[in-house]
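J.: Okay, predicted coordinates and the sequence, questions at the end:
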Amino acid sequence: MVRLKHRYLLTEVLFSDDKVDPSTKWGELLRAVKEGVQLAHGDFGTSCVSSSIQIKYFNPYTRIMLIRVSRDHYEMVWSALTFLTQFNQRECIFRVIHLAGTIRSCQKHLLRFQQKALKTMVAEAANPVERQKVMALLEDATRTTLVD
């Protein structure tokens with residue numbers, strides 16, 4: 001029996017209006033990605049990707065999404081993501097942050113990515129009270145381990 005190998009694309013969804021929409025569903029994102037593959041690669045791309053693509057994780061507040069796709073066809077999904085400019089009638093950009101062979105590797109990279117973002121927030125804090133709040137979040141994120 002042949003083992004199916006996958007790739008995981010850790011993706012950030014950047015909206016132009018910068019509003020948080022907690023009602024965003026995984027199915028809507030999956031449909032948008034599949035439509036993007038259809039537009040970029042036609043029926044061939046859709047048939048290659050449709051059986052293996054899954055959204056494994058999405059956080060509407062951080063706008064981070066983890067997509068799993070077969071190793072042979074991840075480039076189609078990646079190229080389709082670069083051409084997507086709208087989601088739910090909102091202008092956006094899908095930016096691939098990391099490509100990995102395992103979920104564990106993506107989780108580690110996501111933790112480093114979020115810590116880096118918090119450090120920039122500390123540097124940009126307007127007053128000492130805000131800086132203290134962000135520092136507390138940073139310390140909490142450093143203690144928290146995503147992967148056991």
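T.: Yes, it's here.
J.: What does the closest residue to Arg71 other than its chain neighbours show for phi and psi?
T.: Spatial nearest neighbour of Arg71, chain neighbours left out: Lys5 (4.3 Å); criterion: Cβ to Cβ, 6 or more residues apart in numbering. To be clear about C-beta, it is placed using only N, CA and C from the backbone, and glycine gets the same treatment. Phi and psi for Lys5, reported as degrees, to the nearest 10, are phi -110, psi 140.
J.: And the helices in this protein?
T.: In the chain, the helices defined using DSSP state H lie at 26-50, 74-83, 103-124, 128-143.
J.: shaky segments in this protein?
T.: 138, 140-148 (pLDDT under 70).
J.: same thing but at 50, please
T.: 145-148 (pLDDT under 50).
J.: For Gln86, name its beta-bridge partners.
T.: Glu91 (DSSP bridges).
J.: from memory it sits against Phe94, does it?
T.: No - the criterion here is Cβ atoms under 8 Å, and Gln86 misses it with Phe94 at 10.5 Å.
J.: who's more crowded, these two?
T.: Counting neighbours by other Cβ atoms under 10 Å for Gln86 and for Phe94 shows that Phe94 has the greater number, 25 against 10.
J.: show me what contacts the more buried one?
T.: Contact analysis of Phe94 by Cβ atoms under 8 Å, 6 or more residues apart in numbering lists Thr11, Glu12, Val13, Leu14, Leu81, Thr82, Leu84.
J.: Apply 7 Å and report the result again.
T.: When the contact criterion is Cβ atoms under 7 Å, 6 or more residues apart in numbering, the partners of Phe94 are Thr11, Val13, Leu81, Leu84.
J.: if I pick the second one, what's in contact with it?
T.: Under the criterion of Cβ under 7 Å, 6+ apart, the contact partners of Val13 comprise Arg63, Met65, Phe87, Cys92, Phe94.
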